[in-house]
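Asker: Just need the structure, nothing else, for what follows:
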Amino acid sequence: MHLLPLPTTFPVGPINAYLLEDPSTRSEPALSLSKGQASLTLIDCGPKHPESLAALEAGLAGHGYRIEDIRQLILTHHHVDHVGLAKTVADRSGADVITHPFNTPYLSDYEAERVRNLPFYEQIWREGGVPEDIVEHMRQSGAGISRWLDPVEITRTINEGDTITMGGAQWRVYHTPGHAGGLICLFDPDTGELIANDHLLRDISSNPIVEPPPVGGAAGPRPKRLVEYIFHMQRMADLRPTVAYPGHGEVIHDVPALVRKRIAFHRRRADKIYDTLKSTPLTLWEITQPIFPKLKHGMDYFLGLSEILGHLDLLVEDGRVESMGEGELVKWRVC
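Answerer: Residues are numbered from 1 along each chain as shown. Coordinates of the predicted model:
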């Protein structure tokens, strides 16, 4: 497996793409996909940006390949820093484009899905008491995301329990929603290697991002992403991986220890919110402000509010907190 770091313009920095080659087909770039094998697999591909494309081409060239040699492209989740060049790769290589079904609407038409989901987010922010100027910051930030990717056709979907051939090995697919609803991890049981992408990062905690139900829009129950995130982090720890390859940053050599650290952090944050609510019921915005007092940009507000809502979900799941209506607002109080 080869790491291909690809630059982005986002605060999180470069993304890690991974290149896997099948040793048995190293000299056969025209291997037929009908045989159920792929000689060259690329996992994630960076945002649609000239510097990212140049880095991808240079990284491939360093291993003797071109974009045209890729036979399958696996997209671990739908966030634009990981998928923006998918159409370029697919058009130039004819590669299979593979992802979890949740991601398909976003990758097929991100802007349409974003617009379709606006009522869902508007309701959450309105009920949470978020000031209109902050909501407008988030609207403007969201409206600019679509420029970082082109719509791409998904040729195959994979889900929990599937296996996929990469690098001459059979990798198990794990659906691990939390940071994103369609996020997948890939595990090789023979070597113990885990491709964890954004589910596990060594130096920072992935944001559990609030999302609508898979069908889009405001219908149906809202997924509790932090609750799911903690559950699936523990699942990955229980695999006892020998090494985990993240979507950003350095490799992880002790997954169980990292997962314990991440879960402890979220439990401490939930306890802090619980202590705050002992004195009086508060809205989502009232809870978020003192915990994240330095938020300035639309995406920062979105991520901060998402994280606090996730901790409230965790407290509800534990039976410690409940929501209550107060006019158009939703407030949270201890049980």
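Asker: What are the boundaries of the strands in the chain?
Answerer: Using DSSP state E, the strands of the chain run over 2-6, 15-21, 40-43, 72-74, 96-99, 156-157, 163-166, 169-175, 184-188, 193-197, 243-246, 282-283, 321-326, 329-334.
Asker: I'd like to know which of these is closest to H266.
Answerer: strand 321-326 (14.4 Å; Cβ to Cβ). C-betas here are computed from N, CA, C, even on glycine.
Asker: Look at G217 and report its pLDDT.
Answerer: G217 is assigned 43 on the pLDDT scale.
Asker: related to what we said a few turns ago, CSV for the strands of the chain, including mean pLDDT, distance to Y121 and mean neighbour count?
Answerer: Converted to CSV, the strands of the chain look like this (pLDDT from 0 to 100; distance: least, Cβ to Cβ, whole Å; neighbours: other Cβ atoms under 10 Å):
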stretch, mean pLDDT, distance to Y121, mean neighbour count
strand 2-6, 96, 29, 18
strand 15-21, 96, 25, 23
strand 40-43, 97, 29, 26
strand 72-74, 97, 28, 26
strand 96-99, 98, 23, 22
strand 156-157, 96, 26, 14
strand 163-166, 95, 33, 18
strand 169-175, 97, 23, 19
strand 184-188, 98, 24, 23
strand 193-197, 97, 24, 27
strand 243-246, 98, 28, 22
strand 282-283, 97, 16, 18
strand 321-326, 93, 17, 13
strand 329-334, 96, 14, 18
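Asker: what's the closest of those strands to G129?
Answerer: Between G129 and the strands of the chain, the tightest spacing by Cβ to Cβ is seen for strand 282-283, at 3.5 Å.
Asker: Give me the helices and strands touching that closest one, please.
Answerer: For strand 282-283, the packing partners by 3 or more Cβ pairs under 8 Å, 6 or more residues apart in numbering; DSSP states H and E come out as strand 329-334.
Asker: hmm, who's touching the strand it packs on?
Answerer: Applying Cβ atoms under 8 Å, 6 or more residues apart in numbering, the external contacts of strand 329-334 come out as 127-129, 274, 277-278, 281-284, 287, 312, 315, 320-325.
Asker: now the strands of the chain in JSON lines, with distance to M138?
Answerer: Formatted as JSON lines, these follow (distance: least, Cβ to Cβ, whole Å):
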{"stretch": "strand 2-6", "distance to M138": "26"}
{"stretch": "strand 15-21", "distance to M138": "23"}
{"stretch": "strand 40-43", "distance to M138": "30"}
{"stretch": "strand 72-74", "distance to M138": "30"}
{"stretch": "strand 96-99", "distance to M138": "26"}
{"stretch": "strand 156-157", "distance to M138": "30"}
{"stretch": "strand 163-166", "distance to M138": "36"}
{"stretch": "strand 169-175", "distance to M138": "28"}
{"stretch": "strand 184-188", "distance to M138": "27"}
{"stretch": "strand 193-197", "distance to M138": "25"}
{"stretch": "strand 243-246", "distance to M138": "27"}
{"stretch": "strand 282-283", "distance to M138": "16"}
{"stretch": "strand 321-326", "distance to M138": "21"}
{"stretch": "strand 329-334", "distance to M138": "18"}
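Asker: Thanks again, I'm all set now.
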